[in-house]
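Peer 1: Following is a predicted model, sequence given first.
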Amino acid sequence: MDNQGNVISPNLTLSRYNGFDRYTGICSGAPCLLNEKLEIIRRFPSLDWISTSCYGTQCSKNYFPFLRESVHYGVMDSQGEILAQNIEIEQWGLITIIKAEEKVICATDSKTIELPLARAADVYPVKIQGQLGIFINEANQLVFYNHELEPLFEADADRIVAEHDDLEAEDGIVFKMFVVEKDDKKGVMLETGEMILEPIYDDILYFNHTGYGLAKNQGKGAIFNFRGDWVSDFVYTWDEDFEMQENRILGNWYICPVGADPLVYQRNQNISGCKLDF
């Protein structure tokens, strides 16, 4: 029934769509879409279901994921027009990210950005200072869009290739850190777009759970921290006994100064005279 007590339909199972005045349900045995007045816009006998909610604390109110034949996902608009089928859907706050056969669509209720599917890796959803948004590569710049797809800032990079532990600044603000790529070279960027290390290195690895990393340049590695300070010169060869996985150096690590050059050892090695640094 509606809020006046009038019976809308005796054969209706109703769900409010994630807190908005939009509704989906089962109408006489078939999935259906309803407007804010609980009037049936359209029934869909060929669909398994129309989503009644989405991931995250906020969602678009104008895009509705659906399922057909248990495996085929699609999305419709608020009027029941099917926009795309056989796709991947990711709901990121108010942004709906749709990967179709030929393109990637980033959509809010008021704005849409479309990219060729080959550029799907250029779209990077992220949460920054409590705000959901996305990074998108545009004209060789990495642009951060907020939840309404408004551009807030840009950085001189092509894409994000890795995300690491948060960094707490001296004033207590916590920042995310990203390994970014520019012209096949890598660097380190804060979530504000500030470059801690410019993307000029062959590779960037991260010492797992330490706040330290290893930059590679011309076959040698140097240790840095994620405040942008260099701990060593480029003294490490790339065949050091580091256990690596997905841009990380695994294990517990510390620095042992020997002469003028620091050496890196795993914490379970008992090296006389070494100072625990990590």
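Peer 2: Right, received. Where do you want to start? Numbering: from 1, shown residues only.
Peer 1: E102: neighbour count?
Peer 2: 9 (other CB atoms under 10 Å). Backbone N, C-alpha and C define where each C-beta goes, glycine included.
Peer 1: Please verify my assumption that it contacts L115.
Peer 2: No: in this structure E102 lies outside contact range of L115 using CB atoms under 8 Å: 10.3 Å.
Peer 1: From G221, how far off is M189?
Peer 2: 20 Å (CB to CB, to the nearest Å).
Peer 1: For I82, which non-adjacent residue is spatially closest?
Peer 2: Nearest non-adjacent residue to I82, counting by CB to CB, 6 or more residues apart in numbering: M76, 4.9 Å away.
Peer 1: Give the full set of residues in contact with the one you found.
Peer 2: 33, 50, 63-64, 66, 82-83 (CB atoms under 8 Å, 6 or more residues apart in numbering).
Peer 1: 7 Å instead?
Peer 2: Contact analysis of M76 by CB atoms under 7 Å, 6 or more residues apart in numbering lists 64, 66, 82-83.
Peer 1: Determine whether the claim that it is in a strand is correct.
Peer 2: Yes: under DSSP: H, G, I helix; E, B strand; the rest coil, M76 sits within a strand.
Peer 1: pLDDT score for it?
Peer 2: M76 is assigned a predicted lDDT (pLDDT) of 83.
Peer 1: What of E154?
Peer 2: 92.
Peer 1: Any stretches of the chain with poor pLDDT?
Peer 2: Of all residues in the chain, those with pLDDT under 70 make up the ranges 1-12, 14-22, 52-62, 70-72, 165-173, 207-210, 238-278.
Peer 1: Which parts of it belong to which domain?
Peer 2: 1-85, 159-278 (automatic domain parsing).
Peer 1: Could you pull up the contacting residues of the closest residue to F44 other than its chain neighbours?
Peer 2: Excluding its sequence neighbours, the residue lying closest to F44 (CB to CB, 6+ apart) is P31, at 4.8 Å. Counting by CB under 7 Å, 6+ apart, P31 touches 24, 44, 47, 49-50.
Peer 1: How about D233?
Peer 2: Contacts of D233 by CB under 7 Å, 6+ apart are A222.
Peer 1: sec struct for it, please.
Peer 2: coil.
Peer 1: Let me know the helix or strand that V126 is in.
Peer 2: strand 123-128 (DSSP states H and E).
Peer 1: would you put the C-alpha positions of that strand in PDB?
Peer 2: Provided in PDB are the C-alpha atoms of strand 123-128 (Å, rounded to 0.1, in the frame of the first residue of the first chain):
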ATOM      1  CA  VAL A 123      40.100   4.000 -14.300                       C
ATOM      2  CA  TYR A 124      41.100   3.600 -10.700                       C
ATOM      3  CA  PRO A 125      38.400   3.800  -7.900                       C
ATOM      4  CA  VAL A 126      39.700   5.000  -4.600                       C
ATOM      5  CA  LYS A 127      38.600   6.500  -1.300                       C
ATOM      6  CA  ILE A 128      40.500   9.700  -0.300                       C
END
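Peer 1: Look up how far V123 lies from E102.
Peer 2: Taking CB to CB, one finds E102 at 15 Å from V123.
Peer 1: Just list what the helix or strand harbouring G187 packs against, helices and strands only.
Peer 2: Using DSSP H and E, G187 sits in strand 185-190. The contact analysis (3 or more CB pairs under 7 Å, 6 or more residues apart in numbering; DSSP states H and E) places strand 185-190 against strand 174-182, strand 195-201, strand 203-207.
Peer 1: Many thanks, we can stop here.
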